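Colleague: Okay, sequence plus prediction incoming.
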Protein chains: 2
Amino acid sequence: MQYQAPANDIRFLLFDVLGVDRLHELEKYAEATPDLISAVIDEAGKLAAEVIQPTNQTGDREGCSYDPETHAVTTPKGFKEAYKQFVEGGWTALDAPPEFGGQGLPHTLKFVVDEMMCSTNLSLGMYPGLTHGAISALFAHGSDELKNIYLEKLISGEWTGTMCLTEPQCGTDLGMIRTRATPNDDGSYAIEGTKIWITGGEHDLVDNIVHLVLAKLPDAPDTTKGISLFVVPKFLPDSSERNPVFCGGLEHKMGIKGSATCVMNFEGAKGWLVGEANDGMRAMFTMMNEARLMVGMQGLGLAEMAFQESLDFARERLQGRSLGGPKNADGPADPIIVHPDVRRMLMRQKVLNEGMRALALYTGRHLDLSVAHPDEAVREASDDLVQLLTPVVKGFLTDEGFNNANTGLQVLGGSGFTTDWPLEQLVRDGRIARIYEGTNGIQAMDLVGRKLSLKGGKLVGGLFNELTGYLKDNPEAPHREELEGAIKSLEEATLWLASNAPKDPEQAGAAATPYLRLMALTVIGYLWSRMAGVAEKKLADADANTALLESKQVSARFYFEKLLPEVHWLLDDIKSGKDSLMAFDNNHWAA
Amino acid sequence: MQYQAPANDIRFLLFDVLGVDRLHELEKYAEATPDLISAVIDEAGKLAAEVIQPTNQTGDREGCSYDPETHAVTTPKGFKEAYKQFVEGGWTALDAPPEFGGQGLPHTLKFVVDEMMCSTNLSLGMYPGLTHGAISALFAHGSDELKNIYLEKLISGEWTGTMCLTEPQCGTDLGMIRTRATPNDDGSYAIEGTKIWITGGEHDLVDNIVHLVLAKLPDAPDTTKGISLFVVPKFLPDSSERNPVFCGGLEHKMGIKGSATCVMNFEGAKGWLVGEANDGMRAMFTMMNEARLMVGMQGLGLAEMAFQESLDFARERLQGRSLGGPKNADGPADPIIVHPDVRRMLMRQKVLNEGMRALALYTGRHLDLSVAHPDEAVREASDDLVQLLTPVVKGFLTDEGFNNANTGLQVLGGSGFTTDWPLEQLVRDGRIARIYEGTNGIQAMDLVGRKLSLKGGKLVGGLFNELTGYLKDNPEAPHREELEGAIKSLEEATLWLASNAPKDPEQAGAAATPYLRLMALTVIGYLWSRMAGVAEKKLADADANTALLESKQVSARFYFEKLLPEVHWLLDDIKSGKDSLMAFDNNHWAA
């Protein structure tokens, strides 16, 4: 079936719930009028359905191929043409800085487009996706010279970018990298080493590829404090000379087969330092934080496509009779959507997807405020929220995106397991999102081990202010009691961490995963209460989309009755502490 | 890595916890002495590791192939030889009736062997697996003539069997089947129709394939009460003539690629009625119930292999330092098993796997008592429990088997997503187990819609007697309070269903999935309390496996602290009822 962008839900969130339609009141986003936002939503949806989606299944079947003679990588048939249309539509430039040819639109809109791209071809979306991170890192940390050389072509999509971090012996623990950067006489560096799992490290979509590479200078300390970031182009921009950085092979993977995952060998390739020496981790995190939010959208995008497919199937497939009496008496059976357990699967998908979208766009709006609001206090408060919620968006949206893709597959039964239907590909593609750009365990550790204690707890304090402020301002908030209970659980868990983690960091490690989930469910609960409240008010409007608003009320009820109560279990888990995790000695595991 | 059968855990369960070592006191199982059981465990483990496992990855890569000219199906390289060794070892005959060449050993041992086969090659295990169901159906419902013709060769493994149920227009709703059986003059029937998703419908492992086929006699009612079961051999046993039943193609699937999933065309093939006319559903359920228990073992088997792989990886992979101070100070980093969040993933796998194994073997023992105990009351009580727990074993072990395989993959991070490691195959293979032989939603409906009300609630009453009897007899039962709480939740949910479902069957449908899960977690909780109790007692023995017994105590603690509290959330879900599931009209879903 053809993808249908969830445009109504997105407009409801941006315009009615989150106030993204007022971002144009800020000078930086003056062009982001409601009309323009609406046009972006519609055009992106059309592109995704008509240009991107047709390349998805064929891309999975064909995969990328590698020629060991030339080190060249060929992307699947149709990728080049689809990428070209994506570039020509200006989509790579959407939220990029105008001084280098970008459109400078709000980042929230980039989130919206990311979701659609990932619904229709995650593999293809990875090429511009990683490029976007390279743009941000160069823009934030590069010299004017480097910016002038690289940014315009990356933003226009004429070139693509990569993030070269992982090496065979280190992924999470980047202090262990071995790639070396030796100064050349001309101010550049000779980069030597091997990087693995490099998305888009080599491919045929564009003429030049710009690698951002973590490497160590001579005599740099052997920790993350000794890492520097370099820009290493495939072809040198001044001379068009081939730089000795070559793809050594492709990974064979469970999914995202149209995305070239490369081994990259840097054989004395010329590179230029980005930012300060030994300060590469800071620039890396500029890319990484952005990538984490994007990966969250991947989870959501796949889950949305899975929902659409499974809803369609459940309405068409005739099997069994409704327990409440036939609903399709003239047919041989009722459509399976009449069965409560099938509806449970569909509602789970719909309600979590919409909740996750709300969380992501809520975070996106704060990202925009953090860079565009005139009041520094607002900027800081929004930046605090974005920092706090980045691991939550990445972890929760990819875990539940994957679970929802699986739920969609389950609705189809045996059909879902066959390659005749797209569900199994969505599940395979979605599996990686829980892993890359920091596994979801690392996200949880970032949240409890770092974000909670930043600025003396001010980040999470800001979140609690928002949550309790909402309850205070809205005595009639829908599902108030359940939301209050969840907030209380989150507070209790936070206090438990505050009093246990400082004296024993392993307690933070033990609590990390359930704590991230507890925060995600609670914030999404807050957003569902807001959505239900808006729906209630707007139902009075004469021209309201009644079906959408009613669906929001029912969905909120489902969320508060059937999903949110998990928070109390998570609190129990957290409070039981680390002992049952840490008690095993080596001889206990396989006794 | 080479599979290592969890022999110590199996012996602990069979000998120390469940009393399977006393089954030999029953006349039927006189040969099943502890020594023999132990030999079966060891030999099966050896076969799985040395003969079966080496065919797993290559089988996935190569898959089955189909020749449209000859309708022949070729299994992957090595399957034929491995199957031959499986047959020569007598494994197809393990628990089959001795009067037809079977060994007549307890079914519990079959469960044990099933797990090992599924850990090492699920696809290959499907061929004898389905055959076993055909044996049981023919043994229970076939005439003496049919038994004499087919059973010996099926039991010896010289022939294999299939279950031909599904058709393009019906899977779950078998009342809609269109395959017709027209009487021939010689007492046989001409079978005409198309069946899909037939496991082992055609292959090259054996010379003859015996199909058990659901079809309708002329003028049979158009419901499940009009279905009859027929045996349809590929080659007629008397004349060796080719019967016109042909494979029309293979499904292309996400996983179990070495298992031939066939479209089967019956073109007037000769068949013989099994059991009474129009009574085919009863015989079908003989196969189906057995298959459901086997599929449960598939979920567990894959999860066990995933655990072993991820444990091994977590001990080898060096990354980061322990939060409690370096554990491998001389190395560049600590093994990732030091990190609490990695341990959470490993413990989740280990504790759930061992709990699921306990649930399966507990059910297996009751299956054995139900056929072998001299006291009819014991036989009936055990049969009640088996009937009640069959959907629980199928549903929970395949859901959590899949989740645990995914957890294992997550421990490996990016490596787990590549085909260089077996995890991604385990996940793909395991996805089908939640679907076939009745989706897990159907299992849940079978539990709440049928099993709960059978014999006026006597089945679930029997379970509660056992649970509360245990608490009464063991005032010092480990984790007594938490177990009591779970039993109470299960009781409350059962009462809620008893008072709501009869007047509104959709309430049963809405509660089905969380109810099945609630029952599974509670019964596994009961078994973890028993395991911890046995461990406590046995630790006093001089020759005790201290590491194993200590691990059981820690694992029980993990289960009660971090997994069991989910039951209270499930109860909330159930009690919130069907309203939020059923409120949507057609126009709400994609408003």
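Modeller: Nice, thanks for sending it over. Numbering: from 1, shown residues only, chains lettered A, B, ... in the order given.
Colleague: ok, residue A:505 - contacts?
Modeller: Neighbouring residues of residue A:505 by C-beta atoms under 8 Å, 6 or more residues apart in numbering or on different chains: A:449, B:323-324. Using the backbone N, CA and C atoms, a C-beta is placed for each residue, glycine as well.
Colleague: Using CSV, list the CA coordinates for the lengthiest strand in chain A.
Modeller: Selection of the longest strand in chain A by residue count, based on DSSP state E, yields strand A:261-274. C-alpha atoms of strand A:261-274 as CSV (Å, rounded to 0.1, in the frame of the first residue of the first chain):
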residue,chain,number,x,y,z
THR,A,261,27.8,0.2,6.1
CYS,A,262,31.5,0.5,5.3
VAL,A,263,34.9,-0.5,6.6
MET,A,264,37.0,2.6,5.9
ASN,A,265,40.7,2.5,5.6
PHE,A,266,42.5,5.8,6.0
GLU,A,267,45.9,5.3,4.4
GLY,A,268,47.6,8.6,5.2
ALA,A,269,44.7,10.5,3.9
LYS,A,270,44.8,14.3,4.2
GLY,A,271,42.7,15.8,6.9
TRP,A,272,42.1,19.1,8.6
LEU,A,273,41.5,19.7,12.3
VAL,A,274,38.0,20.7,13.2
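Colleague: Show me what counts as buried in the helix or strand following it.
Modeller: Next in sequence after strand A:261-274, counting helices and strands by DSSP states H and E, comes helix A:280-316. Across helix A:280-316, burial judged by 16 or more other C-beta atoms under 10 Å in any protein chain shown covers A:280-281, A:283-284, A:286-314.
Colleague: Tell me which other helices or strands helix A:280-316 touches.
Modeller: Applying 3 or more C-beta pairs under 8 Å, 6 or more residues apart in numbering or on different chains; DSSP states H and E, one finds that helix A:280-316 makes contact with helix A:107-120, helix A:122-141, strand A:159-164, strand A:208-215, strand A:228-233, helix A:340-372, helix A:376-412, helix A:423-431.
Colleague: out of everything not next to it in sequence, what's closest to residue A:123?
Modeller: Nearest residue to residue A:123, sequence neighbours excluded (C-beta to C-beta, 6 or more residues apart in numbering or on different chains): residue A:258, at 3.2 Å.
Colleague: what residues are up against that neighbour?
Modeller: Counting by C-beta under 8 Å, 6+ apart, residue A:258 has contacts A:55-56, A:59-60, A:62-64, A:75-76, A:79, A:121, A:123-124.
Colleague: Among those, name the buried ones.
Modeller: A:55-56, A:59-60, A:62-64, A:75-76, A:79, A:121, A:123-124.
Colleague: Quick check: strands, which of these are part of them?
Modeller: Per DSSP E, the buried ones among the contacts of residue A:258 never map to strands.
Colleague: now, the most widely separated pair of those?
Modeller: A:56 and A:64 (14.2 Å; C-beta to C-beta).
Colleague: quick check: mean pLDDT across stretch A:29-45?
Modeller: For stretch A:29-45, mean pLDDT rounds to 98.
Colleague: what comes into contact with it?
Modeller: A:3-5, A:7, A:10-11, A:14-15, A:20-21, A:23-24, A:89, A:91, A:94, A:103-106, A:109, A:112-113, A:116, A:368, A:372.
Colleague: let's see it at 7 Å
Modeller: A:5, A:7, A:10-11, A:14-15, A:20-21, A:23-24, A:105-106, A:109, A:112-113, A:116, A:368, A:372 (C-beta atoms under 7 Å, 6 or more residues apart in numbering or on different chains).
Colleague: buried subset of the residues you listed?
Modeller: By 16+ other C-beta under 10 Å, the contacts of stretch A:29-45 give A:5, A:7, A:10-11, A:14, A:20-21, A:23-24, A:105-106, A:109, A:112-113, A:116, A:368, A:372 as buried.
Colleague: For residue A:35, the count of nearby residues, please.
Modeller: 10 (other C-beta atoms under 10 Å in any protein chain shown).
Colleague: Repeat that for residue A:456.
Modeller: Residue A:456 - counted by other C-beta under 10 Å - has 7 other residues nearby.
Colleague: before we move on, back to that, Throw the helices and strands packed on helix A:280-316 into a markdown table and include mean pLDDT, thanks.
Modeller: What follows is those, written out as a markdown table (pLDDT from 0 to 100):
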| stretch | mean pLDDT |
| --- | --- |
| helix A:107-120 | 98 |
| helix A:122-141 | 97 |
| strand A:159-164 | 97 |
| strand A:208-215 | 98 |
| strand A:228-233 | 98 |
| helix A:340-372 | 98 |
| helix A:376-412 | 98 |
| helix A:423-431 | 98 |
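Colleague: Reformat these into a markdown table and put distance to residue B:394 next to each item.
Modeller: Shown next, in a markdown table, are the helices and strands packed on helix A:280-316 (distance: least, C-beta to C-beta, whole Å):
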| stretch | distance to residue B:394 |
| --- | --- |
| helix A:107-120 | 33 |
| helix A:122-141 | 32 |
| strand A:159-164 | 44 |
| strand A:208-215 | 48 |
| strand A:228-233 | 52 |
| helix A:340-372 | 15 |
| helix A:376-412 | 14 |
| helix A:423-431 | 21 |
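Colleague: Any idea which of those gets closest to residue A:271?
Modeller: strand A:228-233 (3.6 Å).
Colleague: Report the mean per-residue pLDDT for the helix or strand where residue A:486 lies.
Modeller: Taking DSSP H and E as the definition, one finds residue A:486 inside helix A:480-500. Taken as a whole, helix A:480-500 has an average pLDDT of 98.
Colleague: Give me the helices and strands touching that helix, please.
Modeller: Helices and strands touching helix A:480-500, by 3 or more C-beta pairs under 7 Å, 6 or more residues apart in numbering or on different chains; DSSP states H and E, are helix A:458-473, helix A:505-538, helix A:566-575.
Colleague: need the contacts of residue A:258 in JSON lines with distance to residue B:170, can you?
Modeller: Below are the contacts of residue A:258 laid out as JSON lines (distance: C-beta to C-beta, whole Å):
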{"residue": "A:55", "distance to residue B:170": "35"}
{"residue": "A:56", "distance to residue B:170": "30"}
{"residue": "A:59", "distance to residue B:170": "34"}
{"residue": "A:60", "distance to residue B:170": "30"}
{"residue": "A:62", "distance to residue B:170": "35"}
{"residue": "A:63", "distance to residue B:170": "36"}
{"residue": "A:64", "distance to residue B:170": "40"}
{"residue": "A:75", "distance to residue B:170": "41"}
{"residue": "A:76", "distance to residue B:170": "36"}
{"residue": "A:79", "distance to residue B:170": "40"}
{"residue": "A:121", "distance to residue B:170": "34"}
{"residue": "A:123", "distance to residue B:170": "36"}
{"residue": "A:124", "distance to residue B:170": "38"}
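Colleague: Just the ones in helices from those residues, please.
Modeller: A:56, A:59-60, A:62, A:79, A:123-124 (DSSP state H).
Colleague: which residues are contacting stretch A:63-80?
Modeller: So stretch A:63-80 is in contact with A:54-55, A:58-59, A:62, A:124, A:202-205, A:246-247, A:249-250, A:257-258, A:260, A:262, going by C-beta under 7 Å, 6+ apart.
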